[in-house]
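[1] return atomic coordinates for the entry below.
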Amino acid sequence: MSDSKKCYFCKYGEETASVKLSENLREYGCSIIHVFDTEPIFSYTIGVEAMSGKAEIIVPFLGHKMALNLLNQYNLFIKNGVEFNLDEVYSDFLPFISVNVVFKKVLKSKYDDYLGRAVEFYGDDTFEAWQMVLPDKQGLFPWDDGCREFFKREENIFFKKEW
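    Numbers count the residues shown, from 1 in each chain. Here you go, the predicted structure:
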């Protein structure tokens, strides 16, 4: 991971980050990294695939609390045996607000720049990573007719453009 993109754990040093990562894996089944000092801000899981064989998830543009809620909910679903597929809309993903999500496969070319801590954890880029895509304020996904161009460009950072 480049010096310009530091994760939340990095500010505490490598040793503390490694200990925290191990503690989170034991206690929660994954750890969540928040990258907040770059554009775009983003958050992602580490350890989901190691603990359950399911994809790691990255979610861009959300504040710490919302990203944490979404990623923890994903991990909880996985731990309870829920299966997810790429390109399917999952309605009401969070129990306390109506949020639809779709999962898209993250391009391998994005791993080193955006999933650096996960690459370090796994030792290479052979793990699976998906972007959790949320709709805009009108409920439109980037590939929907009528979605604003700005949102289409911004949301399409980690996966192959299909529109």
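[2] quick check: phi and psi on the spatially most central residue of the chain?
    Per C-alpha atoms, centre = their mean, the C-alpha nearest to the average position across the chain is that of Ile58, at 1.4 Å. In terms of degrees, to the nearest 10, the main-chain angles of Ile58 are phi -120, psi 140.
[3] correct me if wrong: it contacts Ser43.
    Yes. With contact defined as C-beta atoms under 8 Å, Ile58 and Ser43 form a contacting pair (7.3 Å). Glycine gets a C-beta too; all of them are placed from N, C-alpha and C.
[4] so the closest residue to Asp144 other than its chain neighbours: helix, strand or coil?
    Leaving aside its chain neighbours, Asp144 sits nearest to Pro135 (7.8 Å; criterion: C-beta to C-beta, 6 or more residues apart in numbering). When classified by DSSP: H, G, I helix; E, B strand; the rest coil, Pro135 comes out as coil.
[5] mind jotting down where the helices sit in the chain?
    For the chain, the helices defined by DSSP state H cover 14-28, 48-52, 64-79, 111-114, 116-122, 149-155.
[6] redo the ones you listed as TSV? Include distance to Ile97.
    Below are these laid out as TSV (distance: least, C-beta to C-beta, whole Å):
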stretch	distance to Ile97
helix 14-28	22
helix 48-52	23
helix 64-79	9
helix 111-114	26
helix 116-122	27
helix 149-155	19
